[in-house]
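J.: predicted model, plus sequence, below.
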Amino acid sequence: MVSNVQPIERLDESSHVVVVGAGLSGWRLVEALRRDGYRGAVTVIGDEEHRPYDRPPLSKQVLTGVVDLHDTGLVRSGSPDDVTWRLGVAAVGLDIDRREVRLANGGSVAATHVVIATGTRARRLTTSAGKRVHVLRTIDDVQGLNDDLARVTPGSTIAIIGGGFIGAEVASSLTKRGFRAVVLEMAPRPLLGVLGEHVSSWLFDLPAVAGVELRTDQRVSDVEEGPDALLVRIDGSPDVVAQVVVTGVGAIPNVEWLNGSGLALENGVVVDSAMQAAPGVAAIGDVARFEWSGPVGSALVRMEHWQVANDHATTLARAWLTGERDEAPFIPYFWSDQYGKKIQLLGHPEPNDDVTRVLGDDASGRWLALYHRNDVVTGIVALSSPRALMLAKVLLGTPTTVREAIARAPWSS
Ligand SMILES: Cc1cc2nc3c(=O)[nH]c(=O)nc-3n(C[C@H](O)[C@H](O)[C@H](O)COP(=O)(O)OP(=O)(O)OC[C@H]3O[C@@H](n4cnc5c(N)ncnc54)[C@H](O)[C@@H]3O)c2cc1C
């Protein structure tokens, strides 16, 4: 059992909420506060020049060209407009006693309530080709990648280092655009360390069916600039010659600016179940390592899921507006669109949990499976079966054994 419960300080009309990080979770918090009646001051500080925008389309519809880069904005007509924006300037420090945020331009912003919503950044490989190797986290990253892709001919080889969710989505999108995508994965199977032995093996054939070349057990040692192309050097395997290289090798929580603040920083900002890090200081979204009560106990967890960022914002708004902690079960949700399929996950299973497939099979390309630990259902994963997944969600509301789950079979209602 985790116990790091912090007091909740309620907002009133004289409060000043300072949101650090102009991304999804920060903006959802502003929307929730205004919707639920908060009339005090709000300032949003963001190191990007852009107002908050949505990231999931970047590796999907934006990269295939179906959605314009500039149509991903989250601030729309009807959105709250009584907000002070401080964009293009990073926060570099936080005094939690004075509740003051220090800025890179030498300024500072005093608050009554501070929200840390600084998300994660893409992990970069150190290679000889430096910034010629792309990552995909921001609008500017996509712009840079698209500029490079515009310079190469259709059918060119694009090497994607890392076969996880981002790598798979980038490979799928670039294949749709007519490029030859080669995915270089370090593990014996993509997503092995996330979804575990069984589920990763059921997904193994998807890239080939979608026309993507997947090479596994590939440890990239460097990317070098050749005269006409980039050379991806791989330990013990031939080089891959590619016109463009993209990496999807994980993300790092943006917490360095909080060093010395006195907050607990352990793979993210440690918060309680109401997202409180210290009195009047909260953290939400990808950067938050929060106390989560699941079907088999409590733990401190950090998740990089779009829906979780939304849910954190709702939880925090409620806590600061009412002083109450949300006691309803929190069921994390994640999805990924890759290789023409939709992978969806409910709950927070461990990769080494047991797995039982309860619906569909590899041949049909649609299935539903239950993760379980000590016989209790810990998660539900679906391949292109969204209705069955949502019907099965009820199994995570209270601890449910596999036998009970199969007897009830809510997915077939
Ligand atoms: C390409 C891509 C595709 C994705 N697809 C999916 C998907 O299909 N399904 C899914 O569930 N999730 C997906 N996600 C994850 C989802 O987008 C994130 O979980 C979500 O954006 C997290 O929101 P956030 O507010 O925590 O962080 P962000 O949206 O990253 O916002 C954080 C903001 O804070 C800024 N910042 C950082 N440090 C500072 C500082 N010191 N001062 C000021 N500002 C700072 C950052 O630059 C950024 O603008 C995807 C993410 C990416 C990148």
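T.: Perfect, I can see it now.
J.: look up phi and psi at the closest residue to the ligand within the chain.
T.: The nearest approach of the chain to the ligand comes at residue 23, 1.8 Å away (CB to the nearest ligand atom). For glycine as for every other residue, the C-beta is placed from the backbone atoms N, C-alpha and C. Torsion angles at residue 23 (phi, psi; degrees, to the nearest 10) stand at phi -120, psi -160.
J.: for it, give me the pLDDT.
T.: pLDDT, residue 23: 98.
J.: give me every residue that touches it.
T.: Counting by CB atoms under 8 Å, 6 or more residues apart in numbering, residue 23 touches 46, 52, 55, 117-119, 285, 309.
J.: export those as JSON lines, with columns for neighbour count.
T.: Converted to JSON lines, those look like this (neighbours: other CB atoms under 10 Å):
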{"residue": "46", "neighbour count": "24"}
{"residue": "52", "neighbour count": "26"}
{"residue": "55", "neighbour count": "22"}
{"residue": "117", "neighbour count": "34"}
{"residue": "118", "neighbour count": "31"}
{"residue": "119", "neighbour count": "23"}
{"residue": "285", "neighbour count": "33"}
{"residue": "309", "neighbour count": "25"}
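J.: just the residues you listed that are near the ligand?
T.: 46, 55, 117-119, 285, 309 (CB under 6 Å from any ligand atom).
J.: which one of those is nearest residue 29?
T.: residue 117 (7.0 Å; CB to CB).
J.: check contacts around that closest one.
T.: By CB under 8 Å, 6+ apart, the neighbours of residue 117 are 19-21, 23, 25-26, 29, 283-285, 287.
J.: make it 6 Å
T.: 19, 21, 25-26, 284-285 (CB atoms under 6 Å, 6 or more residues apart in numbering).
J.: among the residues you listed, which ones are buried?
T.: 19, 21, 25-26, 284-285 (16 or more other CB atoms under 10 Å).
J.: the nearest residue to residue 178 once chain neighbours are set aside - how many residues pack around it?
T.: Leaving aside its sequence neighbours, residue 178 sits nearest to residue 154 (CB to CB, 6 or more residues apart in numbering; 4.4 Å). Neighbourhood size, residue 154 [other CB atoms under 10 Å]: 9.
J.: can you classify residue 154 by secondary structure?
T.: coil (DSSP: H, G, I helix; E, B strand; the rest coil).
J.: and what of the one 4 residues further on?
T.: Under three-state DSSP, the three-state class of residue 158 is strand.
J.: wait, it touches residue 179, no?
T.: Yes. Under the criterion of CB atoms under 6 Å, residue 158 makes contact with residue 179 at 4.9 Å.
J.: before we move on, back to that, among the contacts of residue 117, name the ones in helices.
T.: The helices, defined by DSSP state H, take in 25-26 from those.
J.: contacts only, for the residue nearest to residue 268 when sequence neighbours are not counted.
T.: Leaving aside its sequence neighbours, residue 268 sits nearest to residue 289 (CB to CB, 6+ apart; 3.5 Å). Residues near residue 289 by CB under 6 Å, 6+ apart: 267-268, 270, 300, 302.
J.: tell me how the chain divides into domains.
T.: Annotated domains of the chain cover 16-121+252-322, 124-247, 349-412 [automatic domain parsing].
J.: bridging residues for residue 100?
T.: residue 95, residue 110 (DSSP bridges).
J.: what residues does the stretch 1-150 of the chain have near the ligand?
T.: So the stretch 1-150 of the chain meets the ligand at 20-26, 45-48, 55-56, 58-59, 90-91, 117-119, 136-137 (CB under 6 Å from any ligand atom).
J.: go again using 5 Å as the cut-off
T.: Within the stretch 1-150 of the chain, the positions near the ligand by CB under 5 Å from any ligand atom are 21, 23-25, 46-48, 55-56, 58-59, 90-91, 117-119, 136-137.
J.: where does the protein dip in pLDDT?
T.: 1-3 (pLDDT under 70).
J.: please enumerate the helices of the stretch 101-250 of the chain.
T.: 139-150, 165-176, 192-202, 206-209 (DSSP state H, counting those that start in this stretch).
J.: could I get the ones you listed as CSV with mean neighbour count?
T.: CSV is the format used below for these (neighbours: other CB under 10 Å):
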stretch, mean neighbour count
helix 139-150, 15
helix 165-176, 24
helix 192-202, 18
helix 206-209, 17
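J.: quick one, which of the ones you listed is nearest to residue 246?
T.: Using CB to CB, the nearest of the helices of the stretch 101-250 of the chain to residue 246 is helix 165-176, at 5.4 Å.
J.: ok, stretch 316-327 near the ligand or not?
T.: No. Stretch 316-327 is not in contact with the ligand by CB under 5 Å from any ligand atom; minimum separation 11.9 Å.
J.: list the buried residues in that stretch.
T.: Neighbour-count burial for stretch 316-327 [16+ other CB under 10 Å]: 316-321, 326.
J.: do the same with stretch 94-111
T.: Neighbour count says stretch 94-111 has 94, 96, 99, 101-103, 109, 111 buried, by 16+ other CB under 10 Å.
J.: which residues sit against stretch 97-108?
T.: Under the criterion CB under 6 Å, 6+ apart, residues 18, 20, 89-94, 109-111, 114, 280 lie in contact with stretch 97-108.
J.: repeat that for 10 Å
T.: 16, 18-20, 43, 45, 47, 86, 88-95, 109-114, 116, 257, 261-262, 278-281 (CB atoms under 10 Å, 6 or more residues apart in numbering).
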